[in-house]
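*Asks:* sequence and predicted structure, then a few things I'm wondering about:
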Amino acid sequence: MMGLIGKKVGMTQLFDEKGDIIPVTVIEAGPCTVTEVRSPERDGYSAVQLGFGTNKESRFTRPLLGQYKKRNLPPSRHLKEFRIADSSGFQVGQTIKAELFAKGEYVDVRGVTKGRGFAGVVKRHGFVAGHASHGPTFGKQPGSIGSSAYPSRVIKGKRLPGRMGGVNLTIKNLEVVGVDSEQNYVLVRGAIPGPPNGLVYIQKREG
């Protein structure tokens, strides 16, 4: 399904018709420029490649910069390809904005979670630490991880300390509660991954 590239602005809240508070995330969705159109006849599938954001020309490689100049397009900082059923209605150079979405629709939002660095089991997996008094002295240590004589090894998948966050995460089925076409803002109900100004992909739900 069609989508847009954007960035997470932050969270706020709205009031519905009943006066209840709705937590929403503000996403700056676009404007995105169509940089490539894939067709079944030429490429074997239908898709639209979008560009978002700008940067200095010196930040791009010469082959990539040549692709933009060939199409008379400004170089885009981010590129993303969205597979769709029919790409015949799109043209290279076309601008797509937040008007692609409408209030009441449901979308999937993908981003990169906040990186937490190397974390212990209490922070990473929610283990309960030992009491600060009355005897226990192991603090936040994970405790025994072995399995005695058999199979004499640590079982795969054991929850242990390690790198936390900084991974791709998709939050599905979020309701669009508002669209500001002038500022290209899409307001979705709930939270999405990533820090403020983090890059996100917002895509319409299939069906």
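*Replies:* Received it, and whenever you're ready, just let me know what you need.
*Asks:* quick one: the strands in the chain?
*Replies:* In the chain, the segments counted as strands under DSSP state E are 3-15, 21-29, 32-38, 47-54, 76-83, 95-96, 106-112, 117-119, 162-164, 168-180, 185-189, 199-204.
*Asks:* would CSV of the ones you listed with mean pLDDT and distance to S133 be doable?
*Replies:* Heads up, the C-betas are built off the backbone N, CA and C, glycines and all. Formatted as CSV, the strands of the chain follow (pLDDT from 0 to 100; distance: least, Cβ to Cβ, whole Å):
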stretch, mean pLDDT, distance to S133
strand 3-15, 92, 38
strand 21-29, 93, 38
strand 32-38, 89, 57
strand 47-54, 89, 54
strand 76-83, 89, 52
strand 95-96, 88, 61
strand 106-112, 94, 40
strand 117-119, 95, 25
strand 162-164, 94, 29
strand 168-180, 93, 38
strand 185-189, 94, 44
strand 199-204, 92, 45
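*Asks:* dump those to TSV, plus mean neighbour count and distance to G89.
*Replies:* Formatted as TSV, these follow (neighbours: other Cβ atoms under 10 Å; distance: least, Cβ to Cβ, whole Å):
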stretch	mean neighbour count	distance to G89
strand 3-15	17	15
strand 21-29	20	19
strand 32-38	21	9
strand 47-54	20	9
strand 76-83	16	13
strand 95-96	15	11
strand 106-112	20	20
strand 117-119	11	45
strand 162-164	13	43
strand 168-180	15	21
strand 185-189	21	21
strand 199-204	21	15
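*Asks:* the ones you listed into CSV, with extra columns for distance to P63?
*Replies:* Converted to CSV, the strands of the chain look like this (distance: least, Cβ to Cβ, whole Å):
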stretch, distance to P63
strand 3-15, 22
strand 21-29, 29
strand 32-38, 14
strand 47-54, 16
strand 76-83, 14
strand 95-96, 25
strand 106-112, 26
strand 117-119, 35
strand 162-164, 33
strand 168-180, 27
strand 185-189, 33
strand 199-204, 23
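*Asks:* S147: which of these is closest?
*Replies:* strand 162-164 (19.6 Å; Cβ to Cβ).
*Asks:* any idea what E36 is bridged to?
*Replies:* Q49 (DSSP bridges).
*Asks:* next: A29.
*Replies:* Here A29, judged by DSSP bridges, has bridge partners G6.
*Asks:* residue contacts, it?
*Replies:* L4, I5, G6, K97, A98, L100, F101, N184, Y185, V186, I202 (Cβ atoms under 8 Å, 6 or more residues apart in numbering).
*Asks:* how about 10 Å then?
*Replies:* Applying Cβ atoms under 10 Å, 6 or more residues apart in numbering to A29 gives the contacts 3-7, 52, 96-101, 107, 109, 179-180, 184-186, 188, 200-202.
*Asks:* for C32, same thing?
*Replies:* C32 makes contacts with 3-6, 48-53, 76, 78-80, 82, 94-98, 100, 184, as judged by Cβ under 10 Å, 6+ apart.
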